Each structure stands twice: as structure tokens, then as C-alpha cells.
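1. A predicted structure for the sequence below; I have some questions about it.
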Amino acid sequence: MMLNDVQKAAYKLIQSDARFLYTLVDIQENAKNIDSNYIMMSQPYIGLFTDGSEQWCKKVGLEVVNFTDEEKKYYTALRQSHKLYELSYDQYRSLLMQKFDESDTYFYNIRSLIEKIFGYYNVGTDLCDGEFCGNTILCALYTPIDTFNNEKAGLWIKEISNVAGKLAAFFGCVNYPTYKYNDNIPVHYKDYHFYKNCPLKEKTEFGFLLFSILCSINYATEFVNKYFVEEIPQKFKFAYLQYYYLCDFIKQINVVNGTNFYINASLKDQSFRNCLAHYGLGQYMKEEDLRLDDMLMGLTNKAFNMDYITAKEHLYTYLSELVQQIKLKILI
């Protein structure tokens, strides 16, 4: 199957995501300084790669790994978790707190009487270089199966992840070295009892919702951006997908809660977002738009008239400004 130049550019972006997935596996097996459930915070992006690359291959006529009905259902649902902030505020709050209550009930029921009285852990958090970049409630919300009351959940997820590995191999991930990562940055976890013993001064559902937004942003801007040494497309892609949906979700937060959070929405662009989420360069770019030496193949130049580095600096500034507002509101 011969691909045109735009399709070849999309193929390279898919290869990059496959290489990222390959690197995650290498980190899990070989990294000495990482001790957290960080890979579960990667679930939305694994879903994007797995479902998105399979769909892309079908569109361009490439023969790819066949999905079972169960695998297709799982990865279609998994990819949707990257756009939870597309939900209404009430829908998101309800789903998040449902998972919080499931976690609290599960850990309460397995604790001793003394622990129940004086406090027990009901939420695990991930930290990268001291910054919160994940929590177990978000991970449960991302994953489209019950993880709290299912002893076989871990094994089941491992087994259904095989097809993602086969797809990554199809795109030649093993033909390249893993992305370089920094073994000196501490990545670890810390368990808390929300809300009795936790880092929040806003010890409410709203406080935890904002904390989860903080974690989801920091996964991209702190963990992926700092832990991976070289510049890789995922540093922009993951951060942008959070940013795109937060631009509108923050407005809902303000209306419902009487707050005045602000995020600069000047980079919000649906066509650009679709390219990142679906590898849909063919509907957006012409061959003359391509910049094959660019990290995103010229996408930021096309969308924003900015080179990749400049666009990334703007994106990270806007997200950092929001993070600082949330920290002031909720963290001790």
C-alpha cells in the first residue's frame, strides 16, 4: 500500500505514540526511581493510540491487527476517557465522586476498627519531583471496568493490553530505541485519607474535583514533560488534549461554584485537536503544509502560525497559570 506524503506524516506520528507505549513498558521493567501507578494515568492516551491507529489503518487500507468484539468495546471506551471534561460539570462531578465513594467504601470495609476511627487510606496519589500528577480515583474513572471490587481486574487489563502491544509492534516500535528518560527524578506514590488527612485545605467534593484537574494537567506537564529527556510529540499532544476541553469546562466550574478561574483559550482549535486525537492530517493539511523536520509535522504552523517550540511554550504557560490558580485555592 503506497501512502501519500500527508499519510506518511500521520504514520510517523502514530509510530511516535507506539514508541512511547514501548517506552512505558521499558520504564516499568527497568526504571530504578519510579514507584507509582503512573502507567494507569496513561490509559486515556493508550486508548487513543490503540483505537485511533486501528481506525486510521482501516481508512488508508493497511492490514492491521484484528480486534475481538471485547477488545474493540474496551478500547473505544478507553479512548473516550481523554475527554472527560467534555461532560457537563454535574456529570463529571457525579462520575468522579461515584469512584471516590467506591474507593472509600472498599478501603473502609477492609480496615480495622481503630483505623476506621483514626483514619485510613482511601486515595493513592502519584508524585513526580514533588508535584501531584495522578490519583487512583482518576485512574478508576479512566478505566472502563470495575477496579475496586474485582480481584482479577489487573490480570484482565494486562491480557487485553496485548492487542495494544501488537499494534505498537506493527508500527515498528521495537525498531527504534526507547525514548530517553531521567532516572534521577523521583517518581513515587503517597496514600492519603481524603478528607481527614490529605493535602487539601478545601476538604470538599469541589476540592477533590479541582485536585483531580490538577493531577490530570500535571501528568502531562510534570511527568511526561520532565521525566522524558528528549522532546517528543506526546509532551504537546497530551497537554493540548487536556487544555482543549478545559477551556470550556473551566467556564462551567465558575458558573456552578461562583469562582473566577481563568485559562487563555487562544489555542483552542477543533480541527487541530482532531488531528492529534485521530491522526486526521488528511482532512486538515496539504502536502505543501508539511514540515517533516518538525515535531508535529507542521501542525502548529498550520493551526497557529507558530513553530512547535513557540506553540508549546504558550500552551504550557496557559496550563501553568491555571495550575497555580488551583493550587492557591485548594492546597495547604
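-> Done, it's in. Numbers count the residues shown, from 1 in each chain.
2. can you list the weak-confidence ranges in the stretch 51-200 of the chain?
-> The model of the stretch 51-200 of the chain has no residue with pLDDT under 70.
3. Okay, strands next: where are they in it?
-> Ranges of strands in the stretch 51-200 of the chain, per DSSP state E, counting those that start in this stretch, are 123-128, 131-135, 187-192.
4. burial count for Phe100?
-> Residues lying near Phe100 (other CB atoms under 10 Å) number 22. For the C-beta atoms, the positions are set from N, CA and C on the backbone; glycine is no exception.
5. Can you tell me the closest non-neighbouring residue to it?
-> Ile137 (5.1 Å; CB to CB, 6 or more residues apart in numbering).
6. what's the distance between that neighbour and Met40?
-> To Met40, Ile137 is 11 Å away according to CB to CB, to the nearest Å.
7. Neighbour count for those two, which is higher?
-> Counted by other CB under 10 Å, Ile137 and Met40 do not tie: Ile137 has more neighbours, with 27 against 20.
8. okay but that one is in contact with Asp101, surely?
-> No - look at Ile137 against Asp101 with CB atoms under 8 Å: they stay out of range, at 9.7 Å.
9. Quick one: closest of the strands of the stretch 51-200 of the chain to Met306.
-> Counting by CB to CB, Met306 lies closest to strand 131-135 out of the strands of the stretch 51-200 of the chain; the figure is 26.3 Å.
10. contacting residues for Ile34?
-> In this structure, Ile34 makes contact with Ile27, Val187, His188, Tyr227, judged by CB atoms under 8 Å, 6 or more residues apart in numbering.
11. ok, the first one - how many residues close by?
-> Counted by other CB under 10 Å, the residues lying close to Ile27 total 20.
12. what's the answer for the last one, then?
-> By other CB under 10 Å, 21 other residues sit near Tyr227.
13. Tell me how far Tyr318 lies from Leu246.
-> Distance from Tyr318 to Leu246, by CB to CB: 9 Å.
14. Quick check: neighbours shared by those two?
-> Contact criterion CB under 8 Å, 6+ apart; residues shared by Tyr318 and Leu246: Ile263.
15. Now Asp35, what are its backbone angles?
-> Backbone torsions of Asp35, given as degrees, to the nearest 10, read phi -140, psi 80.
16. quick one: contacts for it?
-> Asp35 neighbours (CB under 8 Å, 6+ apart): Val187, His188, Tyr189.
17. for Tyr262, what are its contacts?
-> Neighbour list for Tyr262: Ile250, Glu321, Leu322, Gln325 [criterion: CB under 8 Å, 6+ apart].
18. Next, the buried residues of stretch 226-233.
-> Across stretch 226-233, burial judged by 16 or more other CB atoms under 10 Å covers Lys226, Tyr227, Phe228, Ile232, Pro233.
19. Can you pick out the most distant pair from those residues?
-> Lys226 and Pro233 (16.1 Å).
20. Would you check that Met41 makes contact with Ile137?
-> No - applying CB under 8 Å, one finds Met41 not in contact with Ile137, separated by 11.4 Å.
21. quick one: the residue lying closest to Asp191 once chain neighbours are set aside from Leu127, how far?
-> Among residues not flanking Asp191 along the chain, Tyr121 sits closest, at 3.8 Å (CB to CB, 6+ apart). According to CB to CB, Tyr121 and Leu127 sit 15 Å apart.
22. who's more crowded, the two?
-> Leu127 (20 against 16).
23. contacting residues around the more buried one?
-> Ser36, Cys133, Pro186, Val187, His188, Tyr189, Lys190.
24. which one is the second one nearest to, not counting chain neighbours?
-> Excluding its sequence neighbours, the residue lying closest to Cys133 (CB to CB, 6+ apart) is Asn218, at 4.0 Å.
25. nearest to Lys203, of the contacts of Tyr262?
-> Gln325 (18.6 Å).
26. and the angle for the one helix or strand that closest one maps to with strand 131-135?
-> Using DSSP states H and E, the element containing Gln325 is helix 308-330. Orientation check (axes from the mean of the first three to the mean of the last three CA atoms, to 10 degrees): helix 308-330 against strand 131-135 gives 80 degrees.
27. Start at 25, not 1
-> That works, and once the first residue is 25, the last one we named lands at helix 332-354.
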